[in-house]
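A.B. asks: Below: sequence and its predicted model.
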Amino acid sequence: MKLLDYLNLECVKVGLEATGKDSALNLMVDLVVERQLVKDRRRLIEALRQREEVVSTGIGNHIAIPHADLPEIESPCLALGVFPDGVDFDSLDEEPVHLVFLLLGTPRTPGLHMKILARIARLSKDSAFSEGLRRVQQPSELIEVLEEIESRR
């Protein structure tokens, strides 16, 4: 399984700026709502906030994976935002988050949702993954970095 199989290339944005976790979540939700992957923005924001109340999705190594299951989603998809200046996401390692992978899942495929989360978590331990993605200036560069990293694994 490769992240690129689920990453919606229209939902990749670099150079994002946010003042905190809520601001970052709102920017990520805007990406998927603008592409009409989700129609009910308010419901998605609420689902993400409820998930964050359980425990932060800031997994460490400058990465966060906010996620929610929505019945209208046909199959899991990812959006990716790069925040060069970092965002306080209440991460487990207390470091700022630079990469936010927004995972939209469906209750019909819970196992696949977990596999995607696990794939991102595994890749996050590779310094080339986090460092390489943090330095990109264009979405096309981000795709190139992901392709190269995933071809090695």
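C.D. replies: Here it is on my side, so go on. Because the structure is a prediction, the values reported are computed rather than measured.
A.B. asks: Does the residue nearest the centre of the chain lie in a helix or a strand, and which?
C.D. replies: The chain has F101 as the residue nearest its centroid, 0.6 Å off, counting by Cα atoms, centre = their mean. In this assignment (DSSP states H and E), F101 forms part of strand 97-105.
A.B. asks: Helix or strand next in line after that strand, which one?
C.D. replies: Taking DSSP H and E, what comes next after strand 97-105 is helix 110-124.
A.B. asks: which other helices and strands contact that following helix?
C.D. replies: strand 58-60, strand 67-69, strand 97-105 (3 or more Cβ pairs under 8 Å, 6 or more residues apart in numbering; DSSP states H and E). C-betas here are computed from N, CA, C, even on glycine.
A.B. asks: Using a markdown table, please lay out those together with mean pLDDT.
C.D. replies: Compiled in a markdown table, the helices and strands packed on helix 110-124 are given as follows (pLDDT from 0 to 100):
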| stretch | mean pLDDT |
| --- | --- |
| strand 58-60 | 94 |
| strand 67-69 | 93 |
| strand 97-105 | 96 |
